[in-house]
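Peer 1: Below: sequence and its predicted model.
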Amino acid sequence: MAVIVVTGGTRGIGHGIAKELIARGAQVVICGRSGVDEAAAELGATGVVCDMTVRAQVEALWEKAASLGPVAHWVNNAGVSTTSKPLAELPAEQLETVVNANLLGVLNGSAVAARHMLEQGSGTIWNMEGFGSDGRTMVGLTAYGSTKRAVTYVTESLAKELKGTQVKAAHLSPGMVVTDLLLKDYEPEQLEKAKKVFNILADKVETVTPFLAEGILKGVKNGGRVAWLTTPKIAFRFATAGFNKRDLFA
């Protein structure tokens, strides 16, 4: 039974991935800063309270997971967003929070997992992409998008460092998923406008996470990617949006 760590597994995409991995026979360890016991009990997972920005806590997360067996996969999913505002209007505390969670947390998780996986001789580190990973930009998402662009760099660079070993680094790309992380930072008027795009490109957690879980278990080459919302799929959805009405908010 594969042991898999999913950071930020208490809700949203992380929770969904953990659920789907468990349904496929994996032994999953989730972490979060709050709500861990409740989520772990619901899922049938092992829960660890962990702030990914604190290296000692990330080490403790690895130790707990490794006590269950060799860690086959480590999914760096934990992250936060910011209020949808231009960078000049974004409060400093939000900027610090998003950079720490989305970048420092991924760096800590990748560093700890890579070191221990090299010691055990196997494993894959999956880093969660998001808006900005491919270089696209949007007003109000400068901080968030910058961290996700950086995460893509981290994964590519780490893959080079792991070349020639039995440990891999890979990209996990869920596309646009309707979660509280996506919706909570929009003002009501902004959200009404954004819904038009969401209903074309976005999907629900339960639609995307089975695909991601299957991709994780199947695996990819070092530096590879499991991506739900591909360029051809984006083009098809825009082309058919006029007669294929979707309402994710009904």
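Peer 2: Great, that's in hand.
Peer 1: if I look at the nearest residue to V167 once chain neighbours are set aside, how far off is Q27?
Peer 2: Once flanking residues are discounted, V167 sits nearest to M117: 4.4 Å by C-beta to C-beta, 6 or more residues apart in numbering. Where you see a C-beta, it was placed from the backbone N, CA and C, and this is true even at glycine. From M117 across to Q27, the span is 16 Å (C-beta to C-beta, to the nearest Å).
Peer 1: more crowded one of those two?
Peer 2: Using other C-beta atoms under 10 Å as the criterion, M117 and Q27 rank with M117 on top: 26 against 18.
Peer 1: which residues touch that one?
Peer 2: Listed by C-beta atoms under 8 Å, 6 or more residues apart in numbering, the contact set of M117 reads 71, 74, 123, 125, 167.
Peer 1: distance of Q94 from T10?
Peer 2: Relative to T10, and taking C-beta to C-beta, Q94 is found at 21 Å.
Peer 1: These two: who's more crowded?
Peer 2: Neighbours were counted for Q94 and for T10 using other C-beta under 10 Å; T10 has more, 26 against 17.
Peer 1: Isn't that one up against D37?
Peer 2: No. T10 lies out of contact with D37 (C-beta atoms under 8 Å); the separation is 9.5 Å.
Peer 1: got any residues that touch both of the two?
Peer 2: What both T10 and D37 touch, as defined by C-beta under 8 Å, 6+ apart, is the set G47.
Peer 1: okay, and the helix or strand of the protein with the least pLDDT?
Peer 2: helix 180-183 (a mean of 59; mean pLDDT, DSSP states H and E).
Peer 1: for the helix or strand containing A169, packing partners?
Peer 2: Element membership of A169 [criterion: DSSP states H and E] is strand 167-173. Packed against strand 167-173 by the contact rule (3 or more C-beta pairs under 8 Å, 6 or more residues apart in numbering; DSSP states H and E) you find helix 105-120, strand 123-128, helix 142-161, helix 205-218, strand 225-227.
Peer 1: possible to save these as a markdown table with distance to A235 and mean pLDDT?
Peer 2: As requested, those are exported to a markdown table (distance: least, C-beta to C-beta, whole Å; pLDDT from 0 to 100):
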| stretch | distance to A235 | mean pLDDT |
| --- | --- | --- |
| helix 105-120 | 30 | 98 |
| strand 123-128 | 24 | 98 |
| helix 142-161 | 21 | 96 |
| helix 205-218 | 18 | 96 |
| strand 225-227 | 14 | 96 |
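Peer 1: How about the helix or strand that contains E42, which residues are buried there?
Peer 2: E42 belongs to helix 36-43 when assigned by DSSP H and E. Residues 36, 39-40, 43 are the ones in helix 36-43 that count as buried (16 or more other C-beta atoms under 10 Å).
Peer 1: separation between the residue nearest to V167 and V154?
Peer 2: 16 Å.
Peer 1: any idea of the mean pLDDT in the host helix or strand of V28?
Peer 2: Following DSSP H and E, one finds V28 within strand 27-32. Per-residue pLDDT values over strand 27-32 give a mean of 98.
Peer 1: Let me see the contact set for N244.
Peer 2: Residues near N244 by C-beta under 8 Å, 6+ apart: R237.
Peer 1: An error on my part: the question was meant for N199.
Peer 2: By C-beta under 8 Å, 6+ apart, the contact set of N199 is 245-249.
Peer 1: so which two of the residues you listed are the farthest from each other?
Peer 2: The most widely separated members of these, counting by C-beta to C-beta, are K245 and F249 (12.5 Å).
Peer 1: circling back: can you list the residues that contact the strand holding A169?
Peer 2: Applying C-beta under 8 Å, 6+ apart, the external contacts of strand 167-173 come out as 75, 77, 110, 114, 117-118, 121-129, 133, 152, 155, 158-159, 162, 212, 215-216, 219-229.
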